[in-house]
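[1] Sequence and predicted structure are below.
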Number of protein chains: 2
Amino acid sequence: MEAARPIEVLVVGQLEVRPDESIALAAGHPLTLSVREFDLLVELARRKDRIVSREELFALVWQTPLRAGDRSVDVYVHKLRVKLEHALPDWDFIHTHVGFGYRLSAEASHPFHKDATGR
Amino acid sequence: MEAARPIEVLVVGQLEVRPDESIALAAGHPLTLSVREFDLLVELARRKDRIVSREELFALVWQTPLRAGDRSVDVYVHKLRVKLEHALPDWDFIHTHVGFGYRLSAEASHPFHKDATGR
DNA sequence: GAGGCCCGTTCACAAGGCTTTCACACGCAC
DNA sequence: GTGCGTGTGAAAGCCTTGTGAACGGGCCTC
């Protein structure tokens, strides 16, 4: 049999991330992500449902220790949130844990009090 | 009877590529492509919906590793885009993923009409 | 052999996207 | 209110990609 190196496919709700193919799918549709955005999403997805500190995320994605005052992680989390929100409006993916870091999990966005804003 | 090697027919939306016949059809009409253009289209079609890096594309089509600074892939992607755009104006086929590479997928070109209100 | 044509390659510049860094707004705890 | 941590929009510069064109080689025709 082939020495099959298992292909890594990270699934988080309707989100599917394939690090080997450098692609992320939202409900089967490819997301357009920059390199940093993609790398950040991959590392979060690999640690799905766990809280990951900024220091760890930065080291993983930027390959260098986080300097005091650097807000890059926050900025890129925001960029990812915007794109994920646009692709899958009914779900929240990146959750903030104040003082600890971020956690990636698929959670239905607040089921009550949902505006019927026509879009 | 025949050695049962299935004939390869790659379909991407209205695009049909037949490597064995060295022909590509757009909505049933043959495209006029050079060898390089055709080979590039074949390799992209074989990896439809996946992002393919310049390095991989160059190795596949040119049969030699990509040298730093070589823009051949970009140039041929452009040539292909022009011909595909001419043949099927309402569809986008080759999508750029900055920092990653190119992806071949049939996607309707901008569904919204862009006006010139400068807004 | 000369001229014309494609084709492939390379270059130069234009365009546009990406990363980084700032500034300020917000919410919560004290 | 004050301080701290996070959200968010924008500016600036860098880097990647898009694009038109020049150059040269191979091939066909005359």
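    Structure received. Note that this is a predicted model, so its numbers are computed, not measured.
[2] A:A68: what's it in contact with?
    Applying C-beta atoms under 8 Å, 6 or more residues apart in numbering or on different chains, we find A:A68 in contact with no residue. C-beta coordinates here come from the backbone N, C-alpha and C atoms, glycine included.
[3] That one and chain B, how far apart?
    Distance of A:A68 to chain B, computed by C-beta to the nearest C-beta, to the nearest Å: 28 Å.
[4] for A:T96, same thing?
    If you measure A:T96 against chain B using C-beta to the nearest C-beta, the figure is 27 Å.
[5] what about that residue, neighbour count?
    Residue crowding around A:T96 was assessed by other C-beta atoms under 10 Å in any protein chain shown; the count is 13.
[6] Then A:L88?
    Counted with other C-beta under 10 Å, residues neighbouring A:L88 total 19.
[7] Starting from the helix or strand of chain A with the lowest mean pLDDT, tell me which strands it pairs with and how they run.
    Here the helix or strand of chain A ranked lowest by mean pLDDT, DSSP states H and E is strand A:29-30, holding a mean of 94. Sheet pairing for strand A:29-30, assigned by DSSP bridges, gives strand A:23-26 (antiparallel).
[8] ok now the strand it pairs with, how far from the chain's centre?
    Once both centres are worked out by C-alpha atoms, centre = their mean, to the nearest Å, strand A:23-26 turns out to sit 11 Å from its chain's centre.
[9] List the contacts of the residue positioned nearest the centre of chain A.
    Of all residues in chain A, the one closest to the mean position by C-alpha atoms, centre = their mean is A:L41, 3.5 Å from it. Listed by C-beta under 8 Å, 6+ apart, the contact partners of A:L41 are A:17, A:24, A:33, A:80, A:104.
[10] The first one should be in a helix, yeah?
    No. Remark: A:V17 does not belong to a helix; assigned using DSSP: H, G, I helix; E, B strand; the rest coil, it is strand.
[11] Per-residue pLDDT of it, please?
    At A:V17 the predicted local distance difference test score is 97.
[12] And A:A116, by the same measure?
    Reading off the per-residue confidence, A:A116 sits at a pLDDT of 38.
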